[in-house]
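K.L.:
Build me a model:
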Amino acid sequence: MEALEIKSFDDKIVITISKRSVDPDFVVNLLNYLRIEELIRKADFKKDILQIGKEIQKDWWEKNKERFLEESK
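P.N.:
Residues are numbered from 1 along each chain as shown. Below is the predicted model:
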């Protein structure tokens, strides 16, 4: 089995991930992210609100990225 296997069907996508290739915490975080994206779509926010959120994230990252980049060295 490959590290990552993706199959597409009419109404779903099935992703199989090898336990040996990916940290389980990463998978949990990824699934949480996908769940949040699903909830955002269900909430039917206006596009301008989503754009404002992206701008806030971008601004925050620009102001704080040095802290995180220094820690990873």
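K.L.:
tell me, what residue is most central in the protein?
P.N.:
Nearest residue to the geometric centre of the chain (Cα atoms, centre = their mean): Tyr33, 4.3 Å.
K.L.:
in what helix or strand does that residue lie?
P.N.:
Assigned by DSSP states H and E, Tyr33 falls within helix 24-43.
K.L.:
Show residues contacting that helix.
P.N.:
For helix 24-43, contacts defined as Cβ atoms under 8 Å, 6 or more residues apart in numbering pick out 17, 50. (Glycine included, C-beta is placed from N, CA and C.)
K.L.:
Keeping just the C-alphas, turn that helix into PDB.
P.N.:
The C-alpha trace of helix 24-43 is given here as PDB (Å, rounded to 0.1, in the frame of the first residue of the first chain):
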ATOM      1  CA  PRO A  24      -1.800  10.600  13.900                       C
ATOM      2  CA  ASP A  25      -1.900  14.100  15.400                       C
ATOM      3  CA  PHE A  26      -1.500  15.500  11.900                       C
ATOM      4  CA  VAL A  27      -4.500  13.500  10.700                       C
ATOM      5  CA  VAL A  28      -6.600  14.600  13.600                       C
ATOM      6  CA  ASN A  29      -5.700  18.300  12.900                       C
ATOM      7  CA  LEU A  30      -6.500  17.800   9.200                       C
ATOM      8  CA  LEU A  31      -9.900  16.300  10.000                       C
ATOM      9  CA  ASN A  32     -10.700  19.100  12.400                       C
ATOM     10  CA  TYR A  33      -9.800  21.600   9.700                       C
ATOM     11  CA  LEU A  34     -12.000  19.900   7.200                       C
ATOM     12  CA  ARG A  35     -14.900  19.800   9.700                       C
ATOM     13  CA  ILE A  36     -14.500  23.600  10.300                       C
ATOM     14  CA  GLU A  37     -14.600  24.200   6.500                       C
ATOM     15  CA  GLU A  38     -17.800  22.100   6.400                       C
ATOM     16  CA  LEU A  39     -19.400  24.100   9.100                       C
ATOM     17  CA  ILE A  40     -18.400  27.400   7.500                       C
ATOM     18  CA  ARG A  41     -20.100  26.300   4.200                       C
ATOM     19  CA  LYS A  42     -23.200  25.300   6.100                       C
ATOM     20  CA  ALA A  43     -23.300  28.700   7.900                       C
END
